[in-house]
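J.: Pasting a predicted model and its sequence here:
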Amino acid sequence: MQIMAMATTKRVQVDGVPLGLLATKNENEYPVPLTGVKVHVKIVDVLAEVEVVQTYKNLEMQPIEAIYKFPVDEGSAVYYFSASFENREILGIVKEIEEAKKNYEEALESKQSAFLLEEKLPDVFKAKIGNIPPNSAVDITIKYAFELPVAENGLIRFSLPTTIAPRYIPRQDTSDIAADLASIQYRLDAGYGLLFTADITMMSKIIEIRSPSHNLHTNLEGKKANINAIEEKVKMNEDLVFLIQVEDSHKPRLITEKSEDGTYAAMITLVPSIDVKTQKTELVFLIDRSGSMQGESISQAKEALLIFLQSLPLDCYFNIIGFGSTYTSLFPKSVQYTEDSLRAAKEHVKGLGANLGGTEIYAPLDFVFKLPAVEGYLRQIFVLTDGEVSNTERVLSLVRSFSSKNRVFALGLGRSASHHLVGGIARLGGGTAAFATVSEELRKKVMNQLKNALQPSFTDISIILQSDGKEVNDNTNQKIRQCPSKIPPIFDGTRFVVYILMNEECLLSTASITCSSPDGPLKFDVEVSQSLSPSGIIHRLAAKKLIQELTYENLGDGEETKKEVVALGIKYGLVSKFTAFVAVDRQSRTVLDNCWAALKTREVPLDLARGWHGRSSGGMVSFAAGNTCTHFQNLLSVSSNIYNLPLSNMFGSSNVFER
């Protein structure tokens, strides 16, 4: 396994003026090149567009290459990348990823400034800002879009991830992604901060906007609102979350869009209200007890588990499995829900701790999937985790292979849970995902998850499109393409979203979603509610759904899959597993030709996630390491003086190092 490096930092001043931080790497100090991040969010009804501006400054005497790994919301369509440099704007172009990397490296060798943006995971991106001349600055602008989920009680939830929590990397994971995650450096004190603003326009009156995570100033005016963070520089150490309450959040919508090339796209979204009989279930709770859950997260997990236990239906079976480097089961197999079994379970939960080492989620999932089923009871699995692992794709592949006989629900806990793992488990497992920061109320989220698990699965789901009373579901030659191709499950009170791409003019008027349930057929009719100007946002989100399905849900790396993803990425200007943005400033060569010093690479350290791994209010991080720990020399750059502890107290007796 890998150990995450901790970069030490201190303030740098010139003539008494604070300019940023110095980072320490291999005993050499250098100014942190990232000096600030500005984020502006534009929300229109159920769609969010995010503009991120990262400012880099080279305060050194030689040209530098800055490397910054940062999070985005899982499922986002990243569609814009540019660099503002020396009063010039250089627009990024989407290319096949190997070609983009080659263009970038050739530009650096030719002493040109170059810029690269690639996806490492759907929620982790990597920017490389190459050949920044001495005493120069560059602004990098990135834009992405995603649809907003409906949280408990019909609230619309926006979440902006700001840091990548340290990920557990199993020893056997030698992938490039694992290496990238392992190379991230962390610090406790923010050197650069976040300036946050948002403009919101809804389809109905806004009743309230509140944030469980940050202090935000909100101005409400009917259907519109604007937001700004009260702090001038927000620490980038936890997700920024706010909830929007509107008068009518459940109104079905069919949003259409015509692009500049004459093609059409549509977004069908509704929050169904369904009242059906519950099903008999076996409920298995997988609770993350790895070291990264220490402190706030394990307390959240225990609270959620107790709410689950006290709310189970009388006629059900259940079990609790805790996992870390190993896994333990409360009962040898699922037992009936009785007063005695409930009492035993509640006592068990009281004694749970985050003391099982590393986050090895694959083995316990595999164990549960292969257990004999309880006859007459459908198995529902709940995963309670912070999701801090590197081998996400292997876990998702496992969930997908057993999805026909199990439904999997996921609850992401803590201030920086991995949206890719939590969301992917639920999506491929046919369940729902929910996220809870430390300040959010758990009961409503837990009860909503339990309600969904007790709801029977709907079958034969289909979508019928109409234009002027005529059906237009002719999929020959892919003139009409549904995104994703597999219709997602329908749950009461959970946003249902499907996109349609049409290669020719087709003015949709209505869409109908039909399905079969144990109580009979169900039908939901949606009429056109909005037509967007040709911004391309619906087209890009539709293409992103296809790319997500092809790469991370079909989980294939075949040549045909790659070709299709590359074609979609280039056509719609999207970053993906196989495409990247690249930009080259050919005018910078004159300046760089006059630089005598060699190019130096500078990693931008991240803020350590607030509350991560047992961090106390005094700023202490507790580490556990043991005999199987490898590559820990980077960790030794963390002086024991930072924590006011001897190194012997920073390491416990666990057999696995938990990142």
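T.: Here it is on my side, so go on. All figures in this text were calculated on a predicted structure; none of them were measured in a lab.
J.: what about the helix ranked longest in the chain, distance to the chain center?
T.: When the chain is parsed with DSSP state H, its longest helix is helix 296-311. Its chain's C-alpha centre and that of helix 296-311 lie 23 Å apart, by C-alpha atoms, centre = their mean, to the nearest Å.
J.: Give me the helices and strands touching it, please.
T.: Applying 3 or more C-beta pairs under 8 Å, 6 or more residues apart in numbering; DSSP states H and E, one finds that helix 296-311 makes contact with strand 281-288, helix 339-350, strand 378-385, strand 407-413, helix 443-454. For the C-beta atoms, the positions are set from N, CA and C on the backbone; glycine is no exception.
J.: for whichever helix or strand comes after the second one, which positions count as buried?
T.: Note on helix 339-350: by DSSP states H and E, the next helix or strand toward the C-terminus is helix 362-369. By neighbour count with 16 or more other C-beta atoms under 10 Å, helix 362-369 contains the buried residues Tyr362, Pro364, Leu365, Val368, Phe369.
J.: Then stretch 227-235?
T.: Ile227, Ala229, Val234, Lys235.
J.: Can you give me the end-to-end span of stretch 180-200?
T.: Counting by C-alpha to C-alpha, to the nearest Å, you get 36 Å between the two ends of stretch 180-200.
J.: Average pLDDT for it, rounded please.
T.: If you average the pLDDT over stretch 180-200, you get 90.
J.: ok, now stretch 380-394?
T.: 91.
J.: For the helices and strands packed on helix 296-311, give me TSV that also has mean neighbour count and distance to Asn153.
T.: Formatted as TSV, the helices and strands packed on helix 296-311 follow (neighbours: other C-beta atoms under 10 Å; distance: least, C-beta to C-beta, whole Å):
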stretch	mean neighbour count	distance to Asn153
strand 281-288	25	23
helix 339-350	14	26
strand 378-385	25	20
strand 407-413	26	17
helix 443-454	19	6
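J.: So for Ile140, which of those sits nearest?
T.: Nearest of the helices and strands packed on helix 296-311 to Ile140, taken as C-beta to C-beta: strand 407-413 at 28.2 Å.
J.: who touches the following helix or strand past that closest one?
T.: Note on strand 407-413: by DSSP H and E, the next helix or strand toward the C-terminus is helix 419-428. Residues outside helix 419-428 that contact it (C-beta atoms under 8 Å, 6 or more residues apart in numbering) are 73-75, 121-124, 159, 161, 383, 385, 387, 389, 392, 395-396, 399-400, 403, 408-412, 431-433, 435, 488, 552-553.
J.: Out of these, which sit inside strands?
T.: Among the contacts of helix 419-428, DSSP state E puts 121, 124, 159, 383, 385, 408-412, 431-433, 435 in strands.
J.: The stretch 151-300 of the chain: helices as residue ranges?
T.: For the stretch 151-300 of the chain, the helices defined by DSSP state H, counting those that start in this stretch cover 176-182, 296-311.
J.: deepest of those, which one?
T.: helix 296-311 (a mean of 20; mean count of other C-beta atoms under 10 Å).
J.: could you check the angle strand 407-413 makes with that one?
T.: In terms of direction (axes from the mean of the first three to the mean of the last three C-alpha atoms, to 10 degrees), helix 296-311 departs from strand 407-413 by 140 degrees.
J.: can you list contacts of helix 296-311?
T.: Outside of helix 296-311, the residues within contact range by C-beta under 8 Å, 6+ apart are 283, 285, 287-289, 293, 318, 320, 342, 345-346, 349-350, 352-354, 382, 384, 386, 411, 413-415, 436, 438, 442-443, 445-447, 450, 611.
J.: Show me the shaky parts of the chain.
T.: 1-28, 190, 473-478, 530, 532-534, 553-557, 589-593, 613-659 (pLDDT under 70).
J.: Following element in sequence after the longest helix of the chain, please.
T.: The first helix or strand that comes after helix 296-311 along the chain, using DSSP H and E, is strand 316-323.
J.: strand partners of that next one, parallel vs antiparallel please.
T.: Partners of strand 316-323 in the sheet, by DSSP bridges, are strand 281-288 (parallel), strand 327-329 (antiparallel), strand 335-336 (antiparallel).
J.: partners of the residue nearest to Ile425 when sequence neighbours are not counted in the sheet?
T.: Closest residue in space to Ile425, ignoring its immediate chain neighbours: Ala410 at 4.6 Å, by C-beta to C-beta, 6 or more residues apart in numbering. Beta-bridge pairing for Ala410 (DSSP bridges): Val383, Ala433.
J.: got the contact list for Ala410?
T.: Applying C-beta under 8 Å, 6+ apart to Ala410 gives the contacts 382-385, 421-423, 425-426, 429, 431, 433-434.
J.: How much space separates it from Lys445?
T.: Using C-beta to C-beta, to the nearest Å, Ala410 is found at 11 Å from Lys445.
J.: try Val46
T.: 20 Å.
J.: ok, now Glu560?
T.: Distance from Glu560 to Lys445, by C-beta to C-beta: 40 Å.
J.: Then Asn226?
T.: Distance, Asn226 to Lys445, by C-beta to C-beta: 28 Å.
J.: what about Phe318, distance to Ser403?
T.: Taken as C-beta to C-beta, the span from Phe318 to Ser403 is 21 Å.
J.: Settle it for me: which of the two has more neighbours?
T.: Neighbour totals were compared for Phe318 and Ser403, and Phe318 leads with 23 against 16 (other C-beta atoms under 10 Å).
J.: so what's that one up against?
T.: So Phe318 contacts Glu282, Leu283, Val284, Phe285, Leu309, Leu312, Ser334, Val335, Tyr337, Ser341, Ala345 (C-beta under 8 Å, 6+ apart).
J.: quick one: which of those residues is nearest Thr269?
T.: Distance to Thr269 across those (C-beta to C-beta) is lowest for Leu283, with 29.4 Å.
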